[in-house]
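In: from the sequence below, what's the structure:
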Amino acid sequence: MQSLQAGSLDRRIAILVPQDDDDGLQTLPGAPVEFMSCWASATPVLDGERFRADQTQASITMRFVIRWSSKASQIDPTMLVKFGGRTFGIAATKEIGRRVGVEISATARAETPA
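Out: So this is what the prediction gives:
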């Protein structure tokens, strides 16, 4: 049986849900609100640079692993991860083992910490 070592979950992350502001006339994207915060392991996966119109655009891809919970099982790619002063867009999630953990793959732009 797989398990997560408590010592490996040494980073604090927040999972955010984008909210819409509806003023009765139109709906606009609003500030994201916290869905949950938890301890995680954070591993850089890939540093990439793309050249677009003579501009360099760097990105950071991270893999976060958190303990499974009924709330953690609801995390999906419409949500965001706040970690280390940056906001990461979630690319994918997958369950580790049978309700052991959740692995989150996420990407952020390197040059603009939020």
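In: which residue is nearest the centroid of this protein?
Out: In the chain, the centroid-proximal residue (Cα atoms, centre = their mean) is residue 81; its distance is 2.9 Å.
In: distance check, that residue against residue 21.
Out: Distance from residue 81 to residue 21, counting by Cβ to Cβ, to the nearest Å: 22 Å. Bear in mind the C-beta positions are built from the backbone N, C-alpha and C, glycine included.
In: low-scoring stretches of the protein, by residue?
Out: 1-2, 46-57, 110-114 (pLDDT under 70).
In: bridging residues for the residue nearest to the centre of the chain?
Out: For residue 81, the beta-bridge partners under DSSP bridges are residue 15, residue 88.
In: correct me, but it touches residue 13?
Out: Yes. Between residue 81 and residue 13 there is a contact under Cβ atoms under 8 Å: 5.6 Å.
In: any common contacting residues for those two?
Out: Contact with both residue 81 and residue 13 is made by residues residue 64, according to Cβ atoms under 8 Å, 6 or more residues apart in numbering.
In: rewinding a little: and the residue nearest to the centre of the chain, what does it touch?
Out: So residue 81 contacts 13, 14, 15, 16, 62, 64, 87, 88, 90, 104, 106 (Cβ under 8 Å, 6+ apart).
In: redo that, cut-off 10 Å
Out: 13-16, 40, 42, 62, 64, 66, 75, 87-90, 104-108 (Cβ atoms under 10 Å, 6 or more residues apart in numbering).
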